[in-house]
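A.B. asks: Can you look at this prediction? I've put the sequence above it.
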Amino acid sequence: MMVKSMMKLVDVRLVKIFVLLLVCQNVNCDEHNHIYEEKDEVVLWMNTVGPYHNRQETYGYFTLPFCAGPKESIDHYHETLGEALQGTELEFSGLEIQFNVATPKTQYCKIELDAKNLKALIYAVKNHYWYQMYLDDLPMWGVVGVIDEDTKDTFYLWTHKKFEFGFNGNQIVDVNITSESRVKLELGQSVDFTYEVIWRPSKVNFEDRFDKYLDPNFFQHRIHWFSIFNSFMMVIFLVGLVSMILMRTLRKDYARYSKDEDVDDIERDLGDEYGWKQVHGDVFRPASSPLLFSALIGSGSQLAFVIFLVVIFTIIGELYTERGSLLSTAIFVYAATAPINGYFGGSLYARMSGRTWMKQMLVSAFLVPALVCGTAFTINFVAIYYHASRAIPFGTMVAVSCICIFVILPLTLVGTVLGRNLAGQPDYPCRVNAVPRPIPEKKWFMEPAVIAALGGVLPFGSIFIEMYFIFTSFWAYKIYYVYGFMLLVFVILLIVTICVTIVCTYFLLNAEDYRWQWTSFFSAASTAGYVYLYSIYYFFFKTKMFGFFQTVFYFGYMAVFSIGLGLVCGTIGYLGTSLFVWKIYSTVKID
């Protein structure tokens, strides 16, 4: 049965491709190579419609009582996984458009405003519905209607679409739409929809045709440059401060401990030793819940590599210009880097003397996918209830599940085996005592929970401004393209995180508390808590989002984003701190 089902799916896909080939037969039109000859057909796709203030609450264009043109319909299939996950629902407009052939004002369909259609259109106009179209992979946006500014209870529908296309040689380099001819929405009204097409030669190069959608005045504002400079100065200050304080303090500690070596054992037992050296027999004791801890470190290591690689690929390939490419690339890179997860998590678990390594590998492999897919599928039920285009198709769910089971899991297993065999032997400079040392009482601000809560303040301060630009590009109508800024801010964040967690760990060890593993992780991961708090502020004071669907979508995916950022920061903080701890204890001579 499974084989027959798969063959049926393949047959359906072949039929769709065959239909597209029939439409473009005997011509060279192709929206994939973007090369046209005169009078070649140019396909106009209608995508989605939805409230302007709720960018993610989108529905199929023809869910509103719009009508298509007379031309025979063409089915569109999702070409990439990212396109399907982002809710792209392209439907053929039915409009006759030929390359470099002007079309005068032409009626293409008519609707009658009965009670149901009138109610739907008035609701759309009230909530400032907009719609999106694609022509040759270039997006256009139009407004459904307008409210009379004087009466506030009279609604008009735009019925004429005026298209202006620019071409350079045999390629389309510019698309624009102007909405005209408003008609008052009244019961029983007959509405004629018309369109016209104007072609103009353009000097814009094909490689630069996407530049009009970018907003350099926003992203390259002086505030953005100042925030980068401010974060860079913070890095210099923190690195210098950490180096000065720790080196001077450690030099004094080394001198004191070297002097103490001349003291006989009786005086040493009387308590002349104090500080971080006292816990040398417990500092390398395995963290509590080593399976979970190693899974978090493995997942965080993989996410750090994914972020770095995706940003680099985006800078090189300008992935933000193609529909769904960025998300598809991120999924591919995440699947391909699964061995990193297994290597870091598996080797750490082995060094902590973990025994159930298969269980650890499974937790590590499915930790992030379970978080993301669980959130996405939960939100998907809301999207299905609202009949929104963001509802993930069942086939896409199956595809994602297959990637997790047949790609990510085996690669994580390979990384785990390599990690256990190549880096799984503990090489601690101090042996671990059989009996744990009692942790002395200390002041409240030296408690691990307080240190962890305060540790994320400075890292959050280094990315605060960049978060605003990222949030605005995702939740509003900006296209984020300054990935060079993002890469620099990401590097700055990692450096600040390492410096802060080293200082926090040093204070903790000086208080003779050897529970530094989880403390270093949470003191860095707490950055995510501040990011999520900022997202709450952003939702209420920087946006005009409304409705249950958009609210669930916003806070659900912001939680996923914050947790992912917390995993990355916590992992980097722990790895940097572990090198610091290993270094200071390997330098001191301990009997």
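C.D. replies: Structure's in. What do you need? Numbering: from 1, shown residues only.

A.B. asks: where in the chain is pLDDT low?
C.D. replies: The model of the chain has pLDDT under 70 over residues 1-31, 75-79, 245, 249-250, 253-254, 256-274, 589-591.

A.B. asks: Which stretches in it count as strands?
C.D. replies: Secondary structure of the chain by DSSP state E: the strands cover 44-51, 59-60, 91-92, 103-112, 129-135, 138-143, 145-147, 155-168, 171-184, 190-201.

A.B. asks: Quick one, which of those gets closest to Val531.
C.D. replies: Nearest of these to Val531, taken as Cβ to Cβ: strand 44-51 at 26.0 Å. Placement of C-beta: from N, CA and C, glycine included.

A.B. asks: which other helices and strands contact that closest one?
C.D. replies: Helices and strands in packing contact with strand 44-51 are listed as strand 59-60, strand 91-92, strand 129-135; criterion 3 or more Cβ pairs under 8 Å, 6 or more residues apart in numbering; DSSP states H and E.

A.B. asks: okay, the ones you listed in JSON lines with mean neighbour count and distance to Ala336 next?
C.D. replies: JSON lines is the format used below for the helices and strands packed on strand 44-51 (neighbours: other Cβ atoms under 10 Å; distance: least, Cβ to Cβ, whole Å):
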{"stretch": "strand 59-60", "mean neighbour count": "20", "distance to Ala336": "34"}
{"stretch": "strand 91-92", "mean neighbour count": "18", "distance to Ala336": "34"}
{"stretch": "strand 129-135", "mean neighbour count": "20", "distance to Ala336": "29"}
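
A.B. asks: So for Met361, what's the nearest residue that isn't a sequence neighbour?
C.D. replies: With Cβ to Cβ, 6 or more residues apart in numbering as the measure, Thr416 is the residue that lies nearest to Met361, at 4.5 Å, once sequence neighbours are left out.

A.B. asks: The one you found contacts Gly342, correct?
C.D. replies: Yes - with contact defined as Cβ atoms under 8 Å, Thr416 counts as touching Gly342 (3.7 Å).

A.B. asks: CA-only coordinates of stretch 394-413 in CSV, if you can.
C.D. replies: Presented in CSV, the C-alpha positions along stretch 394-413 are these (Å, rounded to 0.1, in the frame of the first residue of the first chain):
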residue,chain,number,x,y,z
PHE,A,394,0.3,17.0,6.0
GLY,A,395,2.8,16.1,3.3
THR,A,396,5.2,18.7,4.7
MET,A,397,4.8,17.3,8.2
VAL,A,398,5.7,13.9,6.9
ALA,A,399,8.7,15.3,5.0
VAL,A,400,10.0,17.0,8.2
SER,A,401,9.5,13.9,10.2
CYS,A,402,11.4,11.8,7.6
ILE,A,403,14.3,14.3,7.8
CYS,A,404,14.5,13.9,11.6
ILE,A,405,14.3,10.1,11.5
PHE,A,406,16.3,9.2,8.4
VAL,A,407,18.9,12.0,8.3
ILE,A,408,19.3,13.8,11.6
LEU,A,409,19.2,10.6,13.8
PRO,A,410,21.8,8.6,11.9
LEU,A,411,24.2,11.5,11.6
THR,A,412,23.8,12.2,15.3
LEU,A,413,24.7,8.6,16.0
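
A.B. asks: Give me the residues contacting that stretch.
C.D. replies: Among residues not part of stretch 394-413, those counted as contacts by Cβ atoms under 8 Å, 6 or more residues apart in numbering are 9, 78, 81, 84-85, 331, 334-336, 338-339, 341-342, 361-362, 364-366, 369, 373, 377.

A.B. asks: which residues in the stretch 201-350 of the chain form helices?
C.D. replies: 216-219, 222-260, 265-267, 290-317, 325-336, 338-351 (DSSP state H, counting those that start in this stretch).

A.B. asks: Out of the strands of the chain, which is closest to Phe308?
C.D. replies: Taking Cβ to Cβ as the criterion, strand 138-143 is the member of these that comes nearest to Phe308, at 28.8 Å.

A.B. asks: Output the helices and strands packed on strand 44-51 in a markdown table, with distance to Leu118 appended to each entry.
C.D. replies: Output for the helices and strands packed on strand 44-51, formatted as a markdown table (distance: least, Cβ to Cβ, whole Å):
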| stretch | distance to Leu118 |
| --- | --- |
| strand 59-60 | 18 |
| strand 91-92 | 23 |
| strand 129-135 | 15 |
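
A.B. asks: ok, back up a step: now a ChimeraX select for only the buried ones of the contacts of stretch 394-413.
C.D. replies: Written as a ChimeraX command, the selection of buried residues from those, which uses 16 or more other Cβ atoms under 10 Å, is:
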select :78,81,84,85,331,334,335,338,339,341,342,361,362,364,365,366,369,373
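
A.B. asks: Redo the strands of the chain as a markdown table? Include distance to Met247.
C.D. replies: Rendered in a markdown table, the data for the strands of the chain read as follows (distance: least, Cβ to Cβ, whole Å):
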| stretch | distance to Met247 |
| --- | --- |
| strand 44-51 | 57 |
| strand 59-60 | 61 |
| strand 91-92 | 65 |
| strand 103-112 | 75 |
| strand 129-135 | 57 |
| strand 138-143 | 55 |
| strand 145-147 | 67 |
| strand 155-168 | 61 |
| strand 171-184 | 58 |
| strand 190-201 | 66 |
